[in-house]
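Pasting a predicted model and its sequence here:
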Amino acid sequence: MKVIEIKTDTKSSKIYIGESIQNLKNYLPQCKVVIVTDEVVSGIYRSRFSEYPVIEIGVGEKIKTIDTLEFIFNRFIELEVDRSTYIVAVGGGIVCDVTGFAASVFMRGLRFGFVSTTLLSQVDASVGGKNGVNYHRYKNMIGVFNQPDFVICDTEMLKTLDRKEFIAGFAEIVKGGAIRDENLFRYLENNWQKALEMDTEVINHLVYESVMVKSRVVEADEKEKGERRLLNFGHTFAHSFEKLVDILHGEAVSIGMMVASGISEKLGYLKSQERDRIRQLLKNIGLPVSIGLDVTKLLAAARQDKKREGETIHLILLSRIGEAFSHKIKLNKLEELVYDMRSDFR
Ligand SMILES: NC(=O)c1ccc[n+]([C@@H]2O[C@H](COP(=O)([O-])OP(=O)(O)OC[C@H]3O[C@@H](n4cnc5c(N)ncnc54)[C@H](O)[C@@H]3O)[C@@H](O)[C@H]2O)c1
Ligand SMILES: [Zn+2]
């Protein structure tokens, strides 16, 4: 097992990579504990936390709502949760995002920790203290920054994950390497086959290095005023794809990274060989690199990005694998570029 500590102005949080859910009790104080999980995770792993009361929510992005928060608050009241109660989320990014928010605001804040059970949440969602819910069609619109006390990344639990969900998680690993860590990128280029076979050593290494990338960025900029924006590499377009077609977040990020790499190359920042390396790695992993989508619809969706500032948008581009920067671009210029590149991602 390996441990990474994230220290921000407000709190310190520890991530345990390769730890088992069987040892959860070692991380909990002597007090009442309530588990929040989803019905799928509960169906498979209920016996691992049977000594605690459990709140079970549904699955899918559609349940990441204020209604679900209300459901959790009602169950907290039924279970007589008070300020001394400890809350643990056991699940993927959705369970962790919703539970982290519920625990942060119920009675002005309860202590909480996560057992992160998907590849995407281990390498990304459960690290960094962003939590919240969607509001109408706006993703993650209501929430707070608040770090969990601990995150257990039990990589053995990934073995029960749906294959498509598992593969989608790799998009965020590729992103971490592309923006900040060429060694991580190269490691995945050399070990993707073993990773897909779920070789424990390789998976633990990838999760560890990805958490290192994210924690360094978050420590430097917890509230996303500057450097944390780099984590949005590929995400401006990904959010548009997610609005327009039924696609997993990681899959959308994969295609979004190809569009952003294409723009980086077109603007003369990134060598074409580097872009080819990214494309090849994503393809090897089994992630999509193109999408059959009408470019006009895509651009209309990109205009609705919540990070847009008037007629400009901050786009994350690459100067090489391992180095990203934020580039302010006018929306009409972006539209021109994407329009020129339309054959690339169809
Ligand atoms: N807070 C952040 O910084 C951050 C970052 C990235 C993504 N996110 C959020 O994370 C969410 C996506 O998270 P996700 O990809 O983990 O999806 P998810 O939580 O929906 O989990 C995917 C599916 O896998 C199932 N599952 C989870 N663990 C399992 C296991 N071990 N075995 C079998 N099945 C399992 C779940 O029940 C679910 O059906 C999005 O809402 C996204 O906005 C948040
Ligand atoms: Zn993401």
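Structure's in. What do you need? Ligands and ions are numbered 1, 2, ... in the order given.

Check what pLDDT Y138 gets.
As summarised for this prediction, Y138 has a pLDDT of 83.

low-confidence ranges in the chain?
Judged against pLDDT under 70, the low-scoring parts of the chain cover residues 306, 345-346.

can you list the residues of the stretch 201-346 of the chain near ligand 1?
Counting by CB under 6 Å from any ligand atom, the stretch 201-346 of the chain comes close to ligand 1 at H249. Glycine gets a C-beta too; all of them are placed from N, C-alpha and C.

show me the contacts for whatever residue of the stretch 201-346 of the chain ends up closest to ligand 1.
Among the residues of the stretch 201-346 of the chain, H249 lies nearest to ligand 1; the distance is 5.5 Å by CB to the nearest ligand atom. Counting by CB atoms under 8 Å, 6 or more residues apart in numbering, H249 makes contact with G93, L120, A168, A171, A238, E242.

need the contact list for R48.
Shown in contact with R48 (CB under 8 Å, 6+ apart): I21, Q22, L24.

how about the closest residue to T236 other than its chain neighbours, secondary structure?
Leaving aside its chain neighbours, T236 sits nearest to D305 (5.6 Å; criterion: CB to CB, 6 or more residues apart in numbering). Look at D305: counting by DSSP: H, G, I helix; E, B strand; the rest coil, its state is coil.

Roughly how far does D305 sit from R342?
Per CB to CB, to the nearest Å, D305 is found 19 Å from R342.

Check K266 too.
Note on K266: its distance to R342, by CB to CB, is 12 Å.

overlap in contacts of those two?
Overlap of the contact sets of K266 and R342 (by CB under 8 Å, 6+ apart) is empty.

Mind listing the strands the host helix or strand of I55 pairs with, and their directions?
Secondary-structure element containing I55, defined by DSSP states H and E: strand 54-57. Strand 54-57 has the following strand partners under DSSP bridges: strand 33-38 (parallel).

can you list the residues that contact the partner strand?
Here strand 33-38 has contacts from 45, 49, 52-59, 72, 76, 79, 81, 85-92, 94-95, 98-99, 102, using CB under 8 Å, 6+ apart.

Go back to those and keep what's next to ligand 1.
Near ligand 1, taking CB under 6 Å from any ligand atom as the test, the members of the contacts of strand 33-38 found are V59, G91, G92, I94, V95.

unless I'm mixing things up, the second one is touching V41, no?
Yes. Under the contact definition of CB atoms under 8 Å, G91 touches V41, with a separation of 4.8 Å.

distance of the residue lying closest to K32 once chain neighbours are set aside from K328?
The spatially closest residue to K32, leaving aside those adjacent along the chain, is T85, at 4.7 Å (CB to CB, 6+ apart). Applying CB to CB, one obtains 45 Å for the distance of T85 from K328.

Which one's more surrounded, these two?
Comparing T85 with K328 by other CB atoms under 10 Å, the one with more neighbours is T85, at 20 against 9.

Could you check how far that one is from ligand 1?
T85 is 23 Å from ligand 1, where distance means CB to the nearest ligand atom, to the nearest Å.
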